[in-house]
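> Can you look at this prediction? I've put the sequence above it.
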Amino acid sequence: MRLAYAPYILDFKQPAGTSRGVMTEKPTFFIKVFDEADPSRFGIGECSVFPGLSPEADGNYGYKLIELLANMALGKETDLSRHSSILFGLEQALRDFAGGCRHVYFPSEFTRGIGSIEINGLVWMGGFDEMMARIDEKVSQGFRCIKLKIGAIDWHKEVEMLEYIRKRYSDSCLQLRVDANGAFTMDNALPRLKRLADLGVHSIEQPIRPGSPELMAFLCQVSPVKIALDESLIGVYGRKAKETLLDEVMPAFIILKPSLCGGFSGAEEWIGLAEERGIGWWVTSALESNVGLNALAQWTATLKTDMPQGLGTGALFTNNFECPLRLVSDRLSYDASARIGDEVFASLDWRY
């Protein structure tokens, strides 16, 4: 079996703001595995590296892909334990190839066009009026759970925005999740969490930056709003380290991004450990193209969860790929009669 990879730049339709800055583009890599006897048939996967967040996003990333390429040709294994995004892509490509190169990674009723996944509506950071308009748009589209990125504009403006939402939409008809991306400090976290609780916020992702598990554990104990770990899971390698983090912090939820926390296999280990401890979880995409998002949605559908998932990023890019995923209101479904055509990958800059 052989492997090839190709770099690709995803362009945002409009700047995407987080507390870490504003993004206008995002790099990614596609990989394909194939048999030299018939290179026209290949399994495709996406290595969704995230600069500034993925620990492996450094000057050696390309060399790791070259190492994987060479080892695949030699029939040798490659240690990807610290390269979540590459493992994420490789797991996709191998599953696709083994399944007949139809881009059906996790066969289920979902991929047969039966059933759907409830997702949250994602509202990116922006100006006050801009975010308010996006919120109203998401509700009008039928979303019953909205996730707001906070921490970039003035806190008082963000509170005003949440107050506006609650005046219009009660917590019985609209669930509010917020994602601080580590923007709070220990000096302001507790009063802010109390205010969020007063406004009926369901949960907050990553109120403070990772790296201070003792402080995060304290917040999880005293916060009136349920806390979810997101970035804190990144760079935690091995079952023992995962157990230690969960036992020490005991969050209400963990957020799973397979391209950042050990691929599908690593994410499933996180799920098992969380469930043993009564910790809830949901899945969130990490700005993959529709190639990675397609595989991610298929995997999520096999997990049989009824919580709204964070899989609504497919429409962010101007140069995305067509795929079988369909979004109607807040339900993500799979059109079994459609698929990503292999011809769209022919023009990529493949490295063999």
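Cool, got the structure. Numbers count the residues shown, from 1 in each chain.
> For the rest of this, base every contact and every neighbour count on C-alpha atoms.
OK.
> since we're on E137, how many residues are nearby?
Counted with other Cα atoms under 10 Å, residues neighbouring E137 total 14.
> element containing it?
When elements are assigned from DSSP states H and E, E137 belongs to helix 128-141.
> Show me what counts as buried in that helix.
Buried residues in helix 128-141, counted by 16 or more other Cα atoms under 10 Å: 131-132, 134-135, 138-139.
> got it, and stretch 273-287?
273-274, 279, 281-287.
> Repeat that for stretch 70-90.
70, 72, 80, 82-90.
> how much space between G341 and K240?
Separation of G341 from K240 (Cα to Cα, to the nearest Å): 42 Å.
> if we can go back for a sec, CSV for the buried residues of stretch 273-287, including secondary structure, pLDDT and distance to Y164?
Formatted as CSV, the buried residues of stretch 273-287 follow (DSSP: H, G, I helix; E, B strand; the rest coil; pLDDT from 0 to 100; distance: Cα to Cα, whole Å):
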residue, secondary structure, pLDDT, distance to Y164
L273, helix, 98, 38
A274, helix, 98, 35
I279, coil, 98, 31
W281, strand, 98, 28
W282, strand, 98, 27
V283, strand, 98, 28
T284, strand, 96, 26
S285, coil, 95, 28
A286, coil, 92, 29
L287, coil, 93, 29
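> Tabulate these (CSV), appending distance to L196.
What follows is the buried residues of stretch 273-287, written out as CSV (distance: Cα to Cα, whole Å):
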residue, distance to L196
L273, 28
A274, 25
I279, 21
W281, 20
W282, 21
V283, 23
T284, 22
S285, 24
A286, 25
L287, 27
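> So which residues of the stretch 51-200 of the chain form helices?
All helices of the stretch 51-200 of the chain, identified by DSSP state H, counting those that start in this stretch, fall at 61-74, 84-98, 128-141, 155-168, 189-198.
> Return the closest of the buried residues of helix 128-141 with respect to G211.
M131 (30.0 Å; Cα to Cα).
> and R177, how many residues sit next to it?
Counted with other Cα under 10 Å, R177 comes out at 21.
> Please renumber the chain so that the first residue is 6 from this point on.
Yep, numbering from 6; the last one is R182 now.
> In terms of pLDDT, where does it sit?
Looking at R182, its pLDDT stands at 97.
> how much space between it and A300?
With Cα to Cα as the criterion, R182 and A300 are 25 Å apart.
> Ok, D335 next?
D335 is 19 Å from A300, by Cα to Cα.
> dump the residue contacts of T83.
72-73, 76 (Cα atoms under 8 Å, 6 or more residues apart in numbering).
> swap the cut-off to 7 Å and go again
Contacts for T83 were tallied using Cα atoms under 7 Å, 6 or more residues apart in numbering; they are 73, 76.
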